[in-house]
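Need coordinates for the following:
(2 chains, ligands or ions: 1)
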Amino acid sequence: MKAKELFPDAQELRKGRVRIELDKEQITDALKKLKENGYTHFVMLSCVDWIKEGKFELVYHMWSYEYKEHVMLSVKINRDGEDVVSNRELFPQIETYEREIHEMFGVNFVGNPRLGEFILEGWPHMPPMRKDFDTEKFVKDLYYKIPEVNEE
Amino acid sequence: MKHEEWKKISRIMSKRSLWMVHFCTGCGAMEMPPVMTSRYDMERFGIFAMATPRQADVFLVTGYLAVKTLKRVVQVYEQMRDPKYVIGFGSCTINGGMYWDSYNTIKDLSKYIPVDVYIAGCMPRPEAIIDSFLKLMDMIDKGEAIGWQKYRKYYDQYKRNQKMAFEYRLDEVKPIKEDDKNES
Ligand code: SF4
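Model (predicted):
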């Protein structure tokens, strides 16, 4: 069954691109439903920081080889530390994306035991991909202030 | 023969037999295959890649360095035996290049390890790379490529800068004491 039939309120953005907005409780069921109906390829999980709304948007991208259709499941959660359930049981590759989003945005995925240091090593500051992290100021205050080696 | 003369001979020998560590970082590494293979053929200058740092003389840092990579670069650099030379490759090693405002890449390589020759460009052409090798040979011949001596001499300053980058935190810069200077 195609995603439009499974989820009546799915929006078709253009041919082969379907977007479905969900609550965070529905996400595991929705992934399961899609997996059973031909959307067998979990492409990736991404995160968008909507700082003005105070929300993080998690987007689960799925692909069906049968229908040649790309489905995006979008979930919005609060920016200030709302937990999400990990879906690593459904697709093991989700684990890696969850680790990355945990490190870069600070989202906590309940049920993923491998959250922790991933790409960055010894990063002591706020997760760097959050929009309230001022990259330019950080760079100017750190790398540009490291002194030159004084040859005397 | 006097010590100085031996040194001169060894410099003449070593400039014609430069082994390069095979450590590629950043996008600049893409320019190495044409330089190494038959089109530009750096072997005719006596330069070739060596898989282990302990048997290598030249370290080409081929592009931007994340802090995590810098740790490995420092490790490799310290494993190399003296005399050793560093070529900073591309604008990323000079001032950060297009990664000037990236939170996780260092901006100026010479703050962390001594650099003998820089090549400008994003990325530099093979001609520029070969030109930099020739410049390095010239410097070795004249005894000007002394980055490895600087690393020994100002070891504490290099270490301090590395530590600041590794910990993503500025330390207080201690003034160098007079008697420290005389010792080194
Ligand atoms: S200088 Fe340019 S080509 Fe070289 S590593 Fe930086 S961005 Fe890449």
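
May I ask you to name the longest helix in chain B?
If you go by DSSP state H, chain B has its longest helix at helix B:126-142.

Which SSE is immediately downstream of that helix?
Going down the chain from helix B:126-142, the next helix or strand is helix B:147-153, by DSSP states H and E.

for chain A, longest helix please?
With DSSP H applied, the helix covering the greatest number of residues in chain A is identified as helix A:94-105.

wouldn't residue B:53 be in contact with residue B:72 here?
No: counting by C-beta atoms under 8 Å, residue B:53 does not reach residue B:72; the two are 10.5 Å apart. All C-beta atoms are positioned from the backbone trio N, CA, C, and that covers glycine.

where do the strands sit along chain B?
Under the criterion DSSP state E, chain B carries strands at the ranges B:18-21, B:47-50, B:58-61, B:85-89, B:117-119.

Strand partners (parallel or antiparallel) of the shortest one?
The sheet places strand B:117-119 alongside strand B:85-89 (parallel), with pairing taken from DSSP bridges.

one step back: neighbour count: residue B:53 and residue B:72, which is higher?
Neighbour comparison, residue B:53 and residue B:72: the larger count goes to residue B:53, with 19 against 13 (by other C-beta atoms under 10 Å in any protein chain shown).

if I pick residue B:43, what's in contact with it?
Taking C-beta atoms under 8 Å, 6 or more residues apart in numbering or on different chains as the criterion, residue B:43 is in contact with residue B:36.

nearest residue to residue A:31 other than its sequence neighbours?
Of all residues beyond its chain neighbours, the one nearest residue A:31 is residue A:90 (5.3 Å), with distances taken as C-beta to C-beta, 6 or more residues apart in numbering or on different chains.

Neighbours of the closest residue to the ligand within chain B, how many?
For chain B, the nearest residue to the ligand under the criterion C-beta to the nearest ligand atom is residue B:63, separated by 2.6 Å. Using other C-beta under 10 Å, residue B:63 has 25 neighbouring residues.

State the distance from it to residue A:5.
The span separating residue B:63 from residue A:5 equals 50 Å under the rule C-beta to C-beta, to the nearest Å.

my guess is residue A:49 contacts residue A:127, does it?
No: counting by C-beta under 8 Å, residue A:127 is not a contact partner of residue A:49; they are 9.8 Å apart.

Mind listing the shared neighbours of the two?
Taking C-beta under 8 Å, 6+ apart as the contact criterion, the common neighbours of residue A:49 and residue A:127 are residue A:105.

how about the residues of chain A near chain B?
For chain A, the residues in contact with chain B (C-beta under 8 Å from any C-beta of the partner chain) are A:119-125, A:128, A:133, A:135-136, A:138-139, A:141-152.

any chance of the strands of chain B in TSV, with distance to the ligand and mean pLDDT too?
Shown next, in TSV, are these (distance: least, C-beta to the nearest ligand atom, whole Å; pLDDT from 0 to 100):
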stretch	distance to the ligand	mean pLDDT
strand B:18-21	17	90
strand B:47-50	19	88
strand B:58-61	10	91
strand B:85-89	7	92
strand B:117-119	9	93
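
Could you dump the ones you listed into TSV with mean neighbour count added?
Written out in TSV, the entries for the strands of chain B read as follows (neighbours: other C-beta atoms under 10 Å in any protein chain shown):
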stretch	mean neighbour count
strand B:18-21	21
strand B:47-50	18
strand B:58-61	26
strand B:85-89	26
strand B:117-119	21
